[in-house]
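Student: Okay, here's the prediction I keep looking at, along with the sequence it came from:
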Amino acid sequence: MKNMFIILEKVRKRIKSIFKIIGWKIMYQKDFSIGTGTVFYPLNHIIIEKNGKIKIGKNCFFNRNCSLNSLDEINIGNDCIFGESVKIYDHNHLFKETNTLIRKQKFETKKVTIGNNCWIGSNVIILPGVSIGNNVVVAAGSIVTKSIEDNCVFKNDISSTKRYY
């Protein structure tokens, strides 16, 4: 009986994910593309403004509470997995005009790219202009402000990026 409940719960989550993806496709049309087999667990958010675009490859998995925010372009390769609460931004607020409220100033935008076969750990923040190579692991809690080459493990500490291939 317990196994049947677990299976039904997985089916329910998969169906909910499919409907969420359909909603995003309807809302964002050509600005949002997604490959087959990609799954979103509950509470994920995709926001595409003005000239923004989001492209997600095949067989990706987004755990709970991930957020992708695009004013420019976010590209994610195939077979990537995202832990809970990952945030990806391709823009930052400008704030140099001291006589203008920050919320009324424009944005600076830079494309974000994530390669194939990446694991982005829980609570990671990826900021504008970052390119993450193929076969990269980003440790939970990291803030990624610079690009990461292929075949690396990245973590925010003194040792920083390490090649493992």
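Tutor: In hand now; what should we look at?

Student: Give me the residue ranges of the protein where confidence is low.
Tutor: With pLDDT under 70 as the threshold, the chain has low-confidence stretches at 157-165.

Student: ranges for the helices of it?
Tutor: In the chain, helices defined by DSSP state H lie at 2-28, listed in chain order.

Student: Number of residues surrounding the closest residue to residue 49 other than its chain neighbours?
Tutor: Take residue 49 and drop its neighbours on the chain: the residue closest to it by Cβ to Cβ, 6 or more residues apart in numbering is residue 71, 5.0 Å away. Using the backbone N, CA and C atoms, a C-beta is placed for each residue, glycine as well. Summarising burial for residue 71: neighbours were counted as other Cβ atoms under 10 Å, giving 22.

Student: residues touching residue 71, list them.
Tutor: With contacts defined as Cβ atoms under 8 Å, 6 or more residues apart in numbering, the neighbours of residue 71 are 49-52, 90-91, 107, 109.

Student: Take the residues you listed and lay them out in CSV including neighbour count and distance to residue 77.
Tutor: Listed next are these as CSV, based on neighbours: other Cβ atoms under 10 Å; distance: Cβ to Cβ, whole Å:
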residue, neighbour count, distance to residue 77
49, 13, 23
50, 10, 25
51, 11, 22
52, 21, 19
90, 27, 16
91, 20, 21
107, 15, 25
109, 20, 21
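
Student: ok, back up a step: separation between the residue nearest to residue 49 and residue 156?
Tutor: Distance, residue 71 to residue 156, using Cβ to Cβ, to the nearest Å: 25 Å.

Student: Please apply the same query to residue 127.
Tutor: For residue 127, the distance to residue 156 (Cβ to Cβ) stands at 13 Å.

Student: do residue 7 as well
Tutor: Remark: distance between residue 7 and residue 156 (Cβ to Cβ) = 38 Å.

Student: can you check residue 77 too?
Tutor: Residue 77 sits 23 Å away from residue 156, going by Cβ to Cβ.

Student: coming back round to it: could you dump the contacts of residue 71 to a markdown table with distance to residue 61?
Tutor: Listed next are the contacts of residue 71 as a markdown table, based on distance: Cβ to Cβ, whole Å:
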| residue | distance to residue 61 |
| --- | --- |
| 49 | 25 |
| 50 | 28 |
| 51 | 28 |
| 52 | 23 |
| 90 | 21 |
| 91 | 25 |
| 107 | 29 |
| 109 | 27 |
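
Student: Many thanks, have a good one.
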